[in-house]
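[1] build me a model from this:
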Amino acid sequence: MVVSTGAGTMPPSSSPTLVFDGALDLRTDRERSADGVFEHPDIVTVHIPMLEQLEHLADRRSELGGDLMLEFYLGIAASNSGAIALTIAELIASVLDNEPVIFHATLGGKDRTGIIAALAPALAGVDDHLSLRLREVG
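    I've put the predicted structure just below:
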């Protein structure tokens, strides 16, 4: 088994025990071009680019202060509502079909994947308090 990390692959000996047959790649075309695209004959990868409209800010996010970070995250939500909706729809379809799926962007996994990870439990009907507790533990 090989696991996509967004910036390459991990060999089977270092891979966690995960079994999935679908991957949602949230990286931009530029990121995919720079980092490469993970392909495996048994895994269906769907490319749903997010952040292309805000790429100029994404490269500088470590320099952004609190107000600009808030603007950055609100911008992700506002300018990527279609991609976010498509990602959630793909996740729901996978759950309904009982098919494991992963979603990823780059190695950090805190912006695009963080937004999806925060929205998914709420859209699945998980209680807000339980969802927050799971994030604290995880």
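
[2] so what does the lengthiest helix in the chain touch, helix or strand wise?
    Among the elements of the chain assigned as helix by DSSP state H, the one spanning the most residues is helix 81-96. Under the contact definition 3 or more C-beta pairs under 8 Å, 6 or more residues apart in numbering; DSSP states H and E, helix 81-96 sits against strand 22-25, strand 101-104, helix 112-123. Backbone N, C-alpha and C define where each C-beta goes, glycine included.

[3] please repeat the previous calculation with a cut-off of 6 Å.
    Contact here means 3 or more C-beta pairs under 6 Å, 6 or more residues apart in numbering; DSSP states H and E; on that basis helix 81-96 packs against strand 22-25, helix 112-123.

[4] after the longest one, which helix or strand is next? Please name it.
    Per DSSP states H and E, helix 112-123 leads on to helix 128-137 as the next helix or strand towards the C-terminus.
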